[in-house]
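K.L.:
Sequence below, structure please.
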Amino acid sequence: MGNVMCCFSVQSASKLLLLVWAFNCCAEAGFHDSFIDPLDGMFDTSQYLSENKFGFLPVPMIITEPAVGTGLGLAGIFFHESVEQKTQRIADSTAEEKPILPANISIVGVGATDNGTWGAGLGHLGFWKGDTLRYKAYLLYPSINMDFYSLGGVELPVPIELNIEGPTLLNEIKFRMGSSNWFIGMHQLYRDMDVGLVRTGDMDLLPPPPTLPSLDRFRSINLNNKVTTSGLGVLAEYDSRTNPFNPETGYFYGFKYMRFDDAIGSDVNYSSYSASGLNYWDIGKSFLLGFRMQYDGVSVNDDARLPPYVPPSIDLRGIPAARFQANHAVLAEVQLDYKLGYRWKIGIFAGVGRVANKFDDLTDAATVVSKGVGFRYLIARRYGFVMGADIARGPEDTAFYIQAGSTW
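P.N.:
Got it, this is the predicted structure:
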């Protein structure tokens, strides 16, 4: 996303779903009918998720993002089927059918971590009219304590911990172009954030203002002030993946441009743009290869006016959010998975990234490397939904991640 506020996004929340809750259901009547797949006799939540039309799946969360520490939370997830999908499921419950997109997915959750970070939010994903119309929305209220290593375009000699608190609203709608794999759409993002120091004396550790004049301007504009960023944008995407929850073959390429302007209620005028590419190939019967590329950038006349959560950072497993942050960020990541049968797969991955305040400086910027291993389990066959965990090593830390749904 090129945005450190993604810590509590809908996508991130979906990646924190845990298998732990399922074992608490063992004592309930009907467990075998609801959670054992008649196809292979393995644990599977497809039937429970699809038949809980008015209920929800309560799922504990373990938060493992290194930038905000470790913590716990609780989420509720709703998978809504259309009438046609429900009829097909009942008629063919034991077939190894192709994974489907539910008509709607809704998520609500709360969480907190050991460094004082907390948040609450709700989100909705819609796949309508035979997947010719896709809609995404979320409303969040986070209070995030996070170390920043650069502010106002200035690299800091020591990190400064900031608190960022306030509501975030996102809306996105995409339309399929005929019967092709191309989508075009619009994107809206609104944030109204208070930014302040977690420890008031931290700024005293930095050089005096005459040494870093832009940092002093950043402090007067952004710290202890409410800053609103409001933007509208356009997007274009190509999506031929077999399943967005667990793609094994296909491609996804996305391009997005947004303008934040006082004409639509923004306190800061700037532009953001991103380009991403996801590539998935199957190699023989047992190996799956994935390759990811991503670029995020912002353009602004005065770096000191940018709130600290706006500049993009390197988004790789093993690297805390905002650890390597500047106006331009590029990365590439590769993952190789080995299928241990129908349900299980294990994998290795590695990634590299660079950041720079000027686009032309990316070629000379230092390269940051991460690598790791992980596993996935097909927990909802009907939707192709997987869960698992990764252990990743960055240049400074080793991190553990609970994963649900597609990694990228």
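K.L.:
For the protein, give me the ranges with low pLDDT.
P.N.:
Within the chain, the ranges that satisfy pLDDT under 70 run 1-33, 52-59, 81-97, 207-213.
K.L.:
and the longest strand seen in the chain, which residues are buried?
P.N.:
Residue-count comparison of every strand in the chain, with assignments taken from DSSP state E, identifies strand 133-151 as the longest. Buried positions in strand 133-151, judged by neighbour count with 16 or more other C-beta atoms under 10 Å: 134, 136-140, 142-151. Just so you know, the C-beta spots here come from the backbone N, C-alpha and C atoms, and that holds for glycine as well.
K.L.:
what does stretch 69-84 give?
P.N.:
Neighbour-count burial for stretch 69-84 [16+ other C-beta under 10 Å]: 69, 71, 73, 75, 77-82.
K.L.:
ok so, going back, against which helices or strands is the longest strand of the chain packed?
P.N.:
strand 118-128, strand 154-165, strand 168-176 (3 or more C-beta pairs under 8 Å, 6 or more residues apart in numbering; DSSP states H and E).
K.L.:
want to try a markdown table for those, with distance to Ala103 and mean neighbour count as columns?
P.N.:
As requested, the helices and strands packed on strand 133-151 are exported to a markdown table (distance: least, C-beta to C-beta, whole Å; neighbours: other C-beta atoms under 10 Å):
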| stretch | distance to Ala103 | mean neighbour count |
| --- | --- | --- |
| strand 118-128 | 6 | 19 |
| strand 154-165 | 34 | 17 |
| strand 168-176 | 16 | 18 |
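K.L.:
For Asp303, find the nearest of those strands.
P.N.:
Of all the helices and strands packed on strand 133-151, the one in closest proximity to Asp303, counting by C-beta to C-beta, is strand 154-165 (8.0 Å).
K.L.:
Mind giving me the packing neighbours of that closest one?
P.N.:
In terms of contacts (3+ C-beta pairs under 8 Å, 6+ apart), strand 154-165 is packed against strand 133-151, strand 182-197, helix 213-222.
K.L.:
Pull up the pairing partners for it, direction included.
P.N.:
strand 133-151 (antiparallel), strand 182-197 (antiparallel) (DSSP bridges).
K.L.:
can you tell which of those is closest to Arg393?
P.N.:
Checking the strands paired with strand 154-165 against Arg393 by C-beta to C-beta gives strand 133-151 as the closest, at 19.0 Å.
K.L.:
Please write out the alpha-carbon positions of the closest one in CSV.
P.N.:
Provided in CSV are the C-alpha atoms of strand 133-151 (Å, rounded to 0.1, in the frame of the first residue of the first chain):
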residue,chain,number,x,y,z
LEU,A,133,-18.3,-5.5,-10.2
ARG,A,134,-16.0,-5.5,-7.2
TYR,A,135,-16.3,-3.2,-4.2
LYS,A,136,-14.1,-2.7,-1.1
ALA,A,137,-14.6,-0.5,1.9
TYR,A,138,-13.3,-0.2,5.4
LEU,A,139,-13.7,2.2,8.4
LEU,A,140,-10.9,2.0,11.0
TYR,A,141,-10.0,3.8,14.1
PRO,A,142,-6.4,3.0,15.1
SER,A,143,-4.0,4.4,17.7
ILE,A,144,-0.6,3.3,16.6
ASN,A,145,2.7,3.7,18.4
MET,A,146,5.5,3.2,15.9
ASP,A,147,9.2,4.1,15.5
PHE,A,148,10.0,6.3,12.5
TYR,A,149,13.6,6.5,11.1
SER,A,150,13.0,9.5,8.8
LEU,A,151,10.7,12.5,9.1
